[in-house]
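Chemist: next one to model:
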Amino acid sequence: MVEIVVSYHSGSGHTRRLVEVFSDALGELGASVHLANVENFKDADWAAMKRADAHVFAAPTYMGSVSAPYKAFMDASSDIWGSADGWQGKIAAGMTVATYPSGDKLNSLMQMAVFAAQHGMIWVGLDDIGAPVSPEQVGINEDGFCLGMGACSVRDKAQMIRASDVTTARRFALRIYEATARWTQGA
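Modeler: Next up is the predicted model:
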């Protein structure tokens, strides 16, 4: 069974909604998913990250960067960096949410990718190309992100993220699941 940890911070609930959609899709595929809120990180969360085949990092983009609580989690992982039981060779991916279609989300995804590289992880980006390049894929990856998943928040608290981002997150979950399964079966 593929084991995936999704570590996240969610300031207003938008990132949490993205994580829930993504994690539900992973569960439907048969993955074992552990959600770890970085504001309440416990020893069990660190242990789950040690065991996991893949890590998915999820944080809102605030002022062009990952949120401060998520950056604190990243910094706290420095004790793991370079250790024999670190995260080297694990699959990694990233997701972020901001208000605007750009919203400087690319910078947050780059922070996550560099963070994963520092830990010796294997980064997997988003492979869905939506419209207008692929006209049949209207609503998929509307903002054209490739490095990871970039979603837009909406004011409707029942929705939290755009419907198209829900669809893209489910498709991204399939990509991460398949990449992790391929990577771990070859090990």
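
Chemist: other SSEs contacting the longest helix seen in the chain?
Modeler: Secondary structure assigned by DSSP state H gives helix 163-185 as the longest helix of the chain. Applying 3 or more C-beta pairs under 8 Å, 6 or more residues apart in numbering; DSSP states H and E, one finds that helix 163-185 contacts strand 3-8, helix 14-29, strand 54-62, strand 91-98, strand 149-152. No exception for glycine: its C-beta is placed from N, CA and C like everyone else's.

Chemist: could you redo the last one with a cut-off of 10 Å?
Modeler: Under the contact criterion of 3 or more C-beta pairs under 10 Å, 6 or more residues apart in numbering; DSSP states H and E, helix 163-185 touches strand 3-8, helix 14-29, strand 54-62, strand 91-98, strand 122-123, strand 149-152.

Chemist: mean neighbour count and mean pLDDT added to these, as TSV?
Modeler: Below are the helices and strands packed on helix 163-185 laid out as TSV (neighbours: other C-beta atoms under 10 Å; pLDDT from 0 to 100):
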stretch	mean neighbour count	mean pLDDT
strand 3-8	24	98
helix 14-29	21	97
strand 54-62	27	97
strand 91-98	27	98
strand 122-123	16	98
strand 149-152	27	95
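
Chemist: what's the closest of these to residue 159?
Modeler: Across those, residue 159 has its closest neighbour in helix 14-29 (8.0 Å, C-beta to C-beta).

Chemist: next, the angle strand 91-98 makes with the closest one.
Modeler: Inter-element angle recorded for helix 14-29 and strand 91-98: 140 degrees (by axes from the mean of the first three to the mean of the last three C-alpha atoms, to 10 degrees).

Chemist: with just CA atoms, put helix 14-29 into CSV.
Modeler: Extracted as CSV, the C-alpha positions of helix 14-29 are listed here (Å, rounded to 0.1, in the frame of the first residue of the first chain):
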residue,chain,number,x,y,z
HIS,A,14,-9.0,27.3,1.9
THR,A,15,-5.9,25.2,2.0
ARG,A,16,-7.6,22.7,4.3
ARG,A,17,-10.4,22.3,1.7
LEU,A,18,-7.8,21.6,-1.0
VAL,A,19,-6.1,19.1,1.2
GLU,A,20,-9.4,17.3,2.0
VAL,A,21,-10.3,17.0,-1.7
PHE,A,22,-6.8,15.8,-2.6
SER,A,23,-6.6,13.3,0.4
ASP,A,24,-10.1,11.9,-0.3
ALA,A,25,-9.1,11.2,-3.9
LEU,A,26,-5.9,9.5,-2.7
GLY,A,27,-8.0,7.4,-0.3
GLU,A,28,-10.4,6.4,-3.1
LEU,A,29,-7.3,5.1,-5.0
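
Chemist: following element in sequence after that helix, please.
Modeler: strand 32-37 (DSSP states H and E).

Chemist: what sits up against that following strand?
Modeler: The contact list for strand 32-37, computed with C-beta atoms under 10 Å, 6 or more residues apart in numbering, reads 1-10, 16, 19-20, 22-27, 42, 44-49, 51-56, 58, 69, 73, 173, 177.
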